[in-house]
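**Student:** Sharing a model that was predicted from the sequence below.
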Amino acid sequence: MNLPAIELALHQRLEAMRADIIRLTQEMLAFKSVNPRFMAESEISEEREIQDYLEARLNALGLQLTRWEKEPGRPNLVALLPGSGGGRSLAFNGHIDVVPIGDRAGWEFDPWGSDIDAGKLYGRGALDMKTGIAAFIAATEAIIASDIALMGDLQLHIVVDEEAGGFAGTRDLIARGYRSDGVIVAEPTSGRVEAAEGGLSWLRVTIRGRAAHAGWRFAQIYPQAAADAPNADGVNAIEKAVKFLQALREFEREWAHSRHHPLMPPGIATINPGVIQAGVGMGYDGKPRVTSNPAMIPDVCTIDFDFKYLPTETFEEVRAEFEAFVSAFALTDPWLRAHPPKLEWHLSNIDFPPFSTPSDHPLVEACRGAQQALGIETVLAGKRAVTDAAFYAGAGMTPVILGPAGEGLHGDNEYVEIDSLIETAKVFAGVILRWCGTA
Ligand SMILES: [Zn+2]
């Protein structure tokens, strides 16, 4: 059989599996697999239970399974369908952890009830992203049931911990050496092929002043009064930080005007001050020690930034530009010239490498071809947030993000459109055929 005939047969098989695919997704949604980093210690996540469930399902398919825990009780799964050789390998990635449901009162449906209403399947994780996992499992099942021999290896990476940075999940999977020629991260994209994602790093800027009694402040504001206060040599770190933030705002705006990526909205690469702390004395944890006494002139101010850059930029480039800006800024202030701000990159080890997979890359072409076979016109887009795709890119692999449609991601009444679930499974089957090749 040629590709169109094999593909059509797969579409028909997946259509026949419709009820089973919906049931699979519903059963996955019933597990309360909230990321434990967002739970009270007394609560128990069902990450292990959903992985037990999926492991049994994948085992029954005869796939080669590897299971391990980077953190106790939080298993990751890799399933391998070995190719016959000579083809490109493909990995699908999905995370089974979900964010908490928030306020139950905001939900019209039980967040763990897997209710179906008007073609929509409701539940926490319906969109983000148990459906994507169900879709690639279904595509794999259809290929196996059809006795299609792939040339390239097919891997399913089903992980924990995406919602909290991927430390116990995808980052660990890659550290263990898993590699493939192409990667599809099945996060929800409403069918758009998301071929680019910006980089993200957390950064702490520490600005130092000089501590003194607040009673001496007048002598700093009115220098002519300094003669009356010979020991009034405090320097307020908060006020230096305010000056820095104002300059940074201009720098950020300048960057927004001068840098652009075709798949991203203008100005997407921002430098957000997210946490600011000030006080007296530097603690061992890199934060101000005394933070409850406004009668002192603070000598420490730390500002933590969410630092975003474009898909085509490198961390080294943006870091060098930012450091040059900070140095130039410090020269404008006599105190800061002598006591320049200190930068601490990779704060909390948060680091998402960027990627920009070319629109004519064979992996994008495989997605386009698989969508065309279903009469869908491919829409290319960029991801505005960050995903586990970053870590594959950081290890030199080529990712694309592609998944189903719905609404309510991280919000109330999260749902996936059931037609989109089935369609995504069909698209994935087509991508596998095109990318891995058939013997
Ligand atoms: Zn997600």
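**Tutor:** On my side now, so go ahead.

**Student:** any idea how the protein splits into domains?
**Tutor:** 3-197+354-436, 199-351 (automatic domain parsing).

**Student:** pLDDT (mean, whole number) over the shortest one?
**Tutor:** I take that to be domain 199-351. For domain 199-351, the mean pLDDT works out to 93.

**Student:** next one: that domain to chain centre, how far?
**Tutor:** 26 Å (CA atoms, centre = their mean, to the nearest Å).

**Student:** Same check on stretch 26-46?
**Tutor:** 19 Å.

**Student:** what's the answer for stretch 162-174, then?
**Tutor:** Worked out by CA atoms, centre = their mean, stretch 162-174 lies 10 Å from the chain centre.

**Student:** Going forward, count from 622.
**Tutor:** Got it, first residue is 622 now, which makes that one stretch 783-795.

**Student:** Buried residues, that stretch. List them.
**Tutor:** 783, 784, 786, 787, 788, 789, 790, 791, 792, 793, 794, 795 (16 or more other CB atoms under 10 Å). Using the backbone N, CA and C atoms, a C-beta is placed for each residue, glycine as well.

**Student:** Select, from the residues you listed, the two members most distant in space.
**Tutor:** Largest separation among the buried residues of stretch 783-795 by CB to CB: 784 and 795, giving 17.5 Å.

**Student:** still on that earlier bit, now the domains of the chain as CSV including distance to the ion?
**Tutor:** As requested, the domains of the chain are exported to CSV (distance: least, CB to the ion, whole Å):
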stretch, distance to the ion
domain 624-818+975-1057, 4
domain 820-972, 15
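
**Student:** Single out the most deeply packed of the ones you listed.
**Tutor:** domain 624-818+975-1057 (a mean of 20; mean count of other CB atoms under 10 Å).

**Student:** How far does that one stretch from one end to the other?
**Tutor:** 12 Å (CA to CA, to the nearest Å).

**Student:** Check stretch 774-786 too.
**Tutor:** Where stretch 774-786 begins and where it ends lie 27 Å apart, using CA to CA.

**Student:** so how far is it off the chain centroid?
**Tutor:** So, by CA atoms, centre = their mean, the centroid of stretch 774-786 is 12 Å from its chain's centroid.

**Student:** now that stretch: mean pLDDT?
**Tutor:** 97.

**Student:** Same check on stretch 706-723?
**Tutor:** Mean predicted confidence for stretch 706-723 is 97.

**Student:** ok, now stretch 1010-1019?
**Tutor:** 98.

**Student:** Thought residue 1005 was touching residue 886, still the case?
**Tutor:** Yes: contact criterion CB atoms under 8 Å: residue 886 and residue 1005 qualify, at 7.2 Å.

**Student:** hang on, the earlier thing: in helices, which of the buried residues of stretch 783-795 appear?
**Tutor:** Using DSSP state H, the members of the buried residues of stretch 783-795 that fall in helices are 791, 792, 793, 794, 795.

**Student:** got a pLDDT number for the last one?
**Tutor:** What it means is residue 795. 98.

**Student:** do the first one as well
**Tutor:** We note a pLDDT of 98 for residue 791 in this prediction.

**Student:** which ones are touching it?
**Tutor:** 714, 716, 778, 780, 782, 783, 1009, 1012, 1013 (CB atoms under 8 Å, 6 or more residues apart in numbering).

**Student:** and the residues you listed as a markdown table, adding secondary structure?
**Tutor:** Formatted as a markdown table, those follow (DSSP: H, G, I helix; E, B strand; the rest coil):
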| residue | secondary structure |
| --- | --- |
| 714 | strand |
| 716 | strand |
| 778 | strand |
| 780 | strand |
| 782 | coil |
| 783 | helix |
| 1009 | coil |
| 1012 | helix |
| 1013 | helix |
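
**Student:** What segments of this protein are helices?
**Tutor:** Under DSSP H, the chain gives helices at 624-637, 639-650, 668-681, 752-766, 791-796, 838-842, 858-879, 936-951, 955-959, 983-993, 1010-1015, 1039-1057.

**Student:** possible to save the ones you listed as a markdown table with distance to residue 900?
**Tutor:** Listed next are these as a markdown table, based on distance: least, CB to CB, whole Å:
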| stretch | distance to residue 900 |
| --- | --- |
| helix 624-637 | 60 |
| helix 639-650 | 45 |
| helix 668-681 | 38 |
| helix 752-766 | 45 |
| helix 791-796 | 33 |
| helix 838-842 | 16 |
| helix 858-879 | 9 |
| helix 936-951 | 22 |
| helix 955-959 | 18 |
| helix 983-993 | 50 |
| helix 1010-1015 | 34 |
| helix 1039-1057 | 51 |
